[in-house]
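Colleague: One predicted model, sequence on top.
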Amino acid sequence: MTVTTLSSRELNHDVSSAKKAAQSGPVIITDRGRPSHVLMTYEEFERLSGTRRSLTAALSMPGLSDIEFAPTRITIRPREVDLS
């Protein structure tokens, strides 16, 4: 991934090159020398901000009840402590 940095003036003069640069990685846009915005492809935005499902929604997925799940039961016992 290539990170490109452009000033806001450079962005205003050549938007198409900024869009091309965003294909290979984020484009950091600076305002008076300080980072202010990031340009990225919409696909990258979707990947980063993907919708998260709740546990209830994940467990109610179709076909999930067909999966066999029988974990072995374990017994947890306290350790002996020597207080001498």
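Modeller: Ah, there it is.

Colleague: for this structure, what spans make up the strands?
Modeller: Across the chain, reading from the start of the chain, the strands by DSSP state E fall at 4-7, 27-31, 34-39.

Colleague: what packs against the last one?
Modeller: Other helices and strands packing on strand 34-39, by 3 or more C-beta pairs under 8 Å, 6 or more residues apart in numbering; DSSP states H and E, are helix 15-22, strand 27-31. Placement of C-beta: from N, CA and C, glycine included.

Colleague: now that strand and strand 27-31, what's the angle there?
Modeller: 140 degrees (axes from the mean of the first three to the mean of the last three C-alpha atoms, to 10 degrees).

Colleague: Skipping its backbone neighbours, what lies nearest the residue nearest the centre of the chain in space?
Modeller: When the chain is reduced to its mean C-alpha position, the closest residue under C-alpha atoms, centre = their mean turns out to be residue 48, at 3.7 Å. If the residues on either side of it in the chain are set aside, residue 48 comes closest to residue 40, at 8.0 Å by C-beta to C-beta, 6 or more residues apart in numbering.

Colleague: In contact with that neighbour, which residues?
Modeller: The neighbours of residue 40, taking C-beta atoms under 8 Å, 6 or more residues apart in numbering as the test, are 22, 26-27, 48.

Colleague: Now flag whichever of the residues you listed is closest to residue 10.
Modeller: residue 27 (10.1 Å; C-beta to C-beta).

Colleague: from what I can see that closest one touches residue 4, true?
Modeller: Yes. Distance between residue 27 and residue 4: 4.6 Å, which falls inside the contact criterion (C-beta atoms under 8 Å).

Colleague: intersection of neighbour lists for the two?
Modeller: 18, 21.

Colleague: And those two? Which one has more around it.
Modeller: Per other C-beta atoms under 10 Å, whichever of residue 27 and residue 4 has more neighbours is residue 27, with 22 against 16.

Colleague: Bridged to that one, which residues?
Modeller: Taking DSSP bridges, one obtains residue 4, residue 39 as the residues bridged to residue 27.
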